[in-house]
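Asker: When you get a sec, could you give me coordinates for this:
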Amino acid sequence: MDAAQRRQEIVGAVCRIIATDGLEGASLREVADEAGLAVGSVRHYFDSSDDLLNYSFTAVSDRILTRLNKALIGLGPAAGDPDAGRAVLTLLGEFLPLDEERALDACAWLAFRNAARIRPFLATEADRSHRAVAAVIGRVITRLLHADDTKGADTAPQLVTAAEHLLATLDGLVMHALLQPGWMSPEMCLDVLESHLEGLRRRVGASH
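Answerer: Numbering: from 1, shown residues only. A predicted model of the protein is given here:
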């Protein structure tokens, strides 16, 4: 196994520990045990727990962003595409814990972002990943609300507000689904999200 594969295996162990024991449980020793490695093997790739956690945060962020950007291609070039709404729902679903892989990533990303408030070494990645996700959401809002057909600067504040509203909704759905998986099922997550998106289209449409 090459170094890149081994690092990803270790990141997977970090995410599994976060999902079961929280970020505080992701020590070098616990991660090594979860990955089936000796502590020295983990130290070969990461100098410290901080180094391991920061790398893992970036890796998780990049996995989420890769899925979002890949799905973004599916929106197509035309703002008026009648299938755009369904494509948007599919794209945003990549952010939600709709299956085990996405649930692990969402749980870890949420934990890392929260920890960044009191662990300065995580702050740079927290800011980078938030900005990158926000940029994708901004493009989604522009496409969803057919901003190409509006008057640019006149609608800019509305688009920013809509993007922030959508980001907050996604964060809330992620947290609710992780905390109450028996109630907030994948199907309900998508139903709530679809309802929110339809509400956005109606509110902006009514303002023109």
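
Asker: Run through the residues that contact residue 99.
Answerer: Neighbouring residues of residue 99 by CB atoms under 8 Å, 6 or more residues apart in numbering: residue 186. Just so you know, the C-beta spots here come from the backbone N, C-alpha and C atoms, and that holds for glycine as well.

Asker: please redo it, this time with the cut-off set to 7 Å
Answerer: Residue 99 sits next to no residue when contact means CB atoms under 7 Å, 6 or more residues apart in numbering.

Asker: Residue 65 too?
Answerer: Counting by CB under 7 Å, 6+ apart, residue 65 has contacts 132, 133.

Asker: which SS state does it fall under?
Answerer: helix (DSSP: H, G, I helix; E, B strand; the rest coil).

Asker: What's the mean pLDDT across stretch 48-64?
Answerer: For stretch 48-64, mean pLDDT is 97.

Asker: Just the buried residues of that stretch, please?
Answerer: For stretch 48-64, the buried set under the neighbour-count rule, 16 or more other CB atoms under 10 Å, comprises 52, 53, 54, 55, 56, 57, 58, 59, 60, 61, 63, 64.

Asker: Can you tell me which of those is closest to residue 17?
Answerer: Residue 17 lies nearest to residue 56 out of the buried residues of stretch 48-64, by CB to CB, at 10.0 Å.

Asker: roughly how far apart are that closest one and residue 133?
Answerer: Separation of residue 56 from residue 133 (CB to CB, to the nearest Å): 17 Å.

Asker: quick revisit: which one among the buried residues of stretch 48-64 gets closest to residue 33?
Answerer: residue 52 (13.7 Å).

Asker: show me the contacts for the residue nearest to the spatial centre of the chain.
Answerer: Nearest to the geometric centre of the chain sits residue 95, at 4.5 Å (CA atoms, centre = their mean). Residue 95 sits next to 64, 68, 170 when contact means CB under 7 Å, 6+ apart.

Asker: which residues touch residue 188?
Answerer: When contacts are counted by CB under 7 Å, 6+ apart, residue 188 touches no other residue.

Asker: Backbone dihedrals for the residue nearest to the centre of the chain, please?
Answerer: According to degrees, to the nearest 10, the main-chain angles of residue 95 amount to phi -90, psi -20.

Asker: ok so, going back, format the buried residues of stretch 48-64 as CSV; extra columns: secondary structure and distance to residue 73.
Answerer: Shown next, in CSV, are those (DSSP: H, G, I helix; E, B strand; the rest coil; distance: CB to CB, whole Å):
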residue, secondary structure, distance to residue 73
52, helix, 32
53, helix, 31
54, helix, 29
55, helix, 27
56, helix, 27
57, helix, 26
58, helix, 23
59, helix, 22
60, helix, 22
61, helix, 19
63, helix, 17
64, helix, 16
